[in-house]
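**Student:** Okay, predicted coordinates and the sequence, questions at the end:
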Amino acid sequence: MAETTTAPAAPAAGARPEPVPAGERGRLRIADRVAERIAVAAARGVDGVAVTSGGLAGRGYPRAEVVVAGDRVRARLEIAGRWPVPAARLAADVRSTVGEQLTALAGFRVDTVDVTVATIVRDDTTPGRRVQ
């Protein structure tokens with residue numbers, strides 16, 4: 001006896017196909033580089049973070065190194081702070097902002113965000129003392 005198989009019937013014109021369950025739709029992988037860009041953009045948005053160019057010395061600030069493992073992420077950032085912003089408060093603000101943005105924009109569960117205030121720069125708009 002021969003077996004016959006039939007193809008599923010095509011949906012009628014104008015009919016919507018049945019939705020595919022979420023677990024069978026596929027996967028989304030966000031590259032480490034994308035997560036690094038999210039972290040840098042989030043750090044730039046924090047009041048008190050100075051954006052510097054690398055010049056001859058190399059890369060500028062802020063800079064990030066992010067390790068993604070599945071849906072978990074660990075980030076390490078180096079930033080430049082503007083004088084006279086307190087470094088501890090600045091690092092805490094960057095840590096929370098970067099963690100929130102990695103979760104909101106990429107759906108990561110953030111394990112750690114380590115922030116190093118690598119340098120303090122004087123803002124050009126801050127009036128300096130002058131000896132007369």
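**Tutor:** Alright, I've got the coordinates.
**Student:** Now do the helices in this protein.
**Tutor:** Ranges of helices in the chain, per DSSP state H, are 32-44, 87-106.
**Student:** from the chain's centre, how far out does the first one sit?
**Tutor:** On the basis of Cα atoms, centre = their mean, to the nearest Å, helix 32-44 is displaced by 4 Å from the centre of the chain it belongs to.
**Student:** what residues does that helix touch?
**Tutor:** Contact with helix 32-44 is made by 49, 51, 62-68, 73, 75, 77, 79, 94, 97-98, 100-102, 105-106, 108, 113, as judged by Cβ atoms under 8 Å, 6 or more residues apart in numbering. Quick note: C-beta positions are derived from backbone N, CA and C, even for glycine.
**Student:** What of stretch 107-123?
**Tutor:** Stretch 107-123 is contacted from outside by 30, 35, 39, 50, 52, 61, 68, 71-83, 87, 90-91, 94-95, 98-99, 102-103, 128, using Cβ under 8 Å, 6+ apart.
**Student:** For PyMOL, write the select line for the buried members of these.
**Tutor:** Those of the contacts of stretch 107-123 that count as buried under 16 or more other Cβ atoms under 10 Å are selected in PyMOL with:
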select buried, resi 30+35+39+50+52+61+68+73+74+75+76+77+78+79+80+81+82+90+91+94+95+98+99+102
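**Student:** Looking at the protein, which strand is longest?
**Tutor:** strand 109-122 (DSSP state E).
**Student:** Quick check: buried residues in that strand?
**Tutor:** Quick answer for strand 109-122 (16+ other Cβ under 10 Å): 110, 113, 115, 117.
**Student:** same deal with stretch 35-55?
**Tutor:** 35, 36, 38, 39, 40, 42, 43, 46, 48, 49, 50, 52.
**Student:** Output that stretch in PDB with nothing but the alpha carbons.
**Tutor:** C-alpha atoms of stretch 35-55 as PDB (Å, rounded to 0.1, in the frame of the first residue of the first chain):
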ATOM      1  CA  ALA A  35      26.200  46.400  23.100                       C
ATOM      2  CA  GLU A  36      29.400  48.500  23.300                       C
ATOM      3  CA  ARG A  37      27.900  51.200  21.300                       C
ATOM      4  CA  ILE A  38      24.800  51.200  23.500                       C
ATOM      5  CA  ALA A  39      27.000  51.500  26.500                       C
ATOM      6  CA  VAL A  40      29.100  54.400  25.100                       C
ATOM      7  CA  ALA A  41      26.000  56.300  23.900                       C
ATOM      8  CA  ALA A  42      24.400  55.900  27.400                       C
ATOM      9  CA  ALA A  43      27.600  57.100  29.100                       C
ATOM     10  CA  ARG A  44      27.800  60.100  26.800                       C
ATOM     11  CA  GLY A  45      24.300  61.100  27.900                       C
ATOM     12  CA  VAL A  46      25.200  61.300  31.600                       C
ATOM     13  CA  ASP A  47      25.800  64.900  32.800                       C
ATOM     14  CA  GLY A  48      29.400  65.300  33.800                       C
ATOM     15  CA  VAL A  49      30.900  62.900  31.300                       C
ATOM     16  CA  ALA A  50      33.400  64.600  29.000                       C
ATOM     17  CA  VAL A  51      33.600  63.300  25.400                       C
ATOM     18  CA  THR A  52      37.200  63.400  24.300                       C
ATOM     19  CA  SER A  53      38.900  62.500  21.100                       C
ATOM     20  CA  GLY A  54      41.900  60.200  21.000                       C
ATOM     21  CA  GLY A  55      44.300  62.400  19.100                       C
END
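**Student:** No further queries at this time; thank you.
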